[in-house]
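Colleague: let's see this in three dimensions:
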Amino acid sequence: MDFKKFTNQITELKKIELGGLEAQFKLAPKLRLRYDKQKIQANNPKKAAVLALFYPNKKNETSILLTQRASYKGTHSAQISFPGGKVEETDQNLQETALREAFEEVGIYKDDVTIIREMTDVYIPPSNFLATPFIAYSNAEPKFLINHEVDSTIEITVNDLLSESSITSITMNTSYMDNIDVPAFSINNKIIWGATGMMLSEIKDLLKTIY
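Modeller: Numbers count the residues shown, from 1 in each chain. The predicted structure follows:
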């Protein structure tokens with residue numbers, strides 16, 4: 001998808017009703033519980049925010065930034081995710097959290113980013129985080145500078161995301177179930193599942209309404 005075509009639709013993207021949990025759960029394991037707001041609040045989750053950045057690649061195709069997390073002793077070691085992280089006391093709001101984390105992790109300057117809209121929160125049971133995604137765009141391909149939390153950046157095109165052939169299923173173990181089939185995106189030999197897959201599923205449904 002040509003980047004100009006994408007930017008011409010941004011006003012419309014701001015107006016469209018979000019798919020919410022229905023869109024997210026297309027990419028969630030069947031046994032993954034749907035937590036209502038009351039139960040989530042009872043768990044007192046830590047708040048976090050992530051940035052889903054659209055930008056033109058070298059071919060002027062509309063692309064989305066993902067990262068491969070560094071390996072560490074933790075729940076989300078080496079997983080594919082959006083730049084983002086937990087709220088800090090100095091953050092004035094969740095949008096600022098997403099922009100700050102994107103700068104710290106991959107060197108994206110907030111002045112080069114325009115926020116399009118906030119998406120639906122995703123509750124992440126294994127780490128008890130409630131993550132708020134923000135979709136945004138940059139008019140040029142960023143020059144990435146990654147920190148110790150990130151192993152590498154990953155670029156996927158909107159065309160690849162929208163292709164139904166990108167949907168697959170993998171058998172894996174998670175923190176709450178063993179040997180189950182998990183829906184996932186398979187793009188450029190990368191498997192994207194879990195919370196990031198759920199966020200991408202809602203983004204995909206949003207984009208499908210205008211393309």
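Colleague: show the contacting residues for the closest residue to residue 196 other than its chain neighbours.
Modeller: Once flanking residues are discounted, residue 196 sits nearest to residue 81: 4.9 Å by C-beta to C-beta, 6 or more residues apart in numbering. All C-beta atoms are positioned from the backbone trio N, CA, C, and that covers glycine. Residue 81 sits next to 50, 66-67, 69, 195-196 when contact means C-beta atoms under 8 Å, 6 or more residues apart in numbering.
Colleague: ramachandran angles for residue 81?
Modeller: Here is the backbone geometry of residue 81 (degrees, to the nearest 10): phi -150, psi 170.
Colleague: does it have beta-bridge partners, and which?
Modeller: Beta bridges link residue 81 to residue 67, judged by DSSP bridges.
Colleague: helices of the chain, residue ranges please.
Modeller: Listed in chain order, the helices of the chain (DSSP state H) span 3-8, 10-15, 20-24, 37-42, 94-106, 158-162, 194-208.
Colleague: any idea of the mean pLDDT in the longest one?
Modeller: The average pLDDT within helix 194-208 is 97.
Colleague: dump that helix to PDB, keeping only the CA atoms.
Modeller: What follows is helix 194-208, C-alpha atoms only, in PDB (Å, rounded to 0.1, in the frame of the first residue of the first chain):
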ATOM      1  CA  GLY A 194      -0.200 -13.200  22.200                       C
ATOM      2  CA  ALA A 195      -0.900  -9.600  23.200                       C
ATOM      3  CA  THR A 196       0.900  -8.200  20.100                       C
ATOM      4  CA  GLY A 197      -1.000 -10.500  17.800                       C
ATOM      5  CA  MET A 198      -4.300  -9.300  19.500                       C
ATOM      6  CA  MET A 199      -3.300  -5.700  19.000                       C
ATOM      7  CA  LEU A 200      -2.400  -6.300  15.400                       C
ATOM      8  CA  SER A 201      -5.700  -8.100  14.800                       C
ATOM      9  CA  GLU A 202      -7.700  -5.000  15.900                       C
ATOM     10  CA  ILE A 203      -5.400  -2.800  13.800                       C
ATOM     11  CA  LYS A 204      -6.000  -5.100  10.800                       C
ATOM     12  CA  ASP A 205      -9.800  -4.900  11.200                       C
ATOM     13  CA  LEU A 206      -9.600  -1.100  11.400                       C
ATOM     14  CA  LEU A 207      -7.500  -0.900   8.200                       C
ATOM     15  CA  LYS A 208      -9.800  -3.400   6.400                       C
END
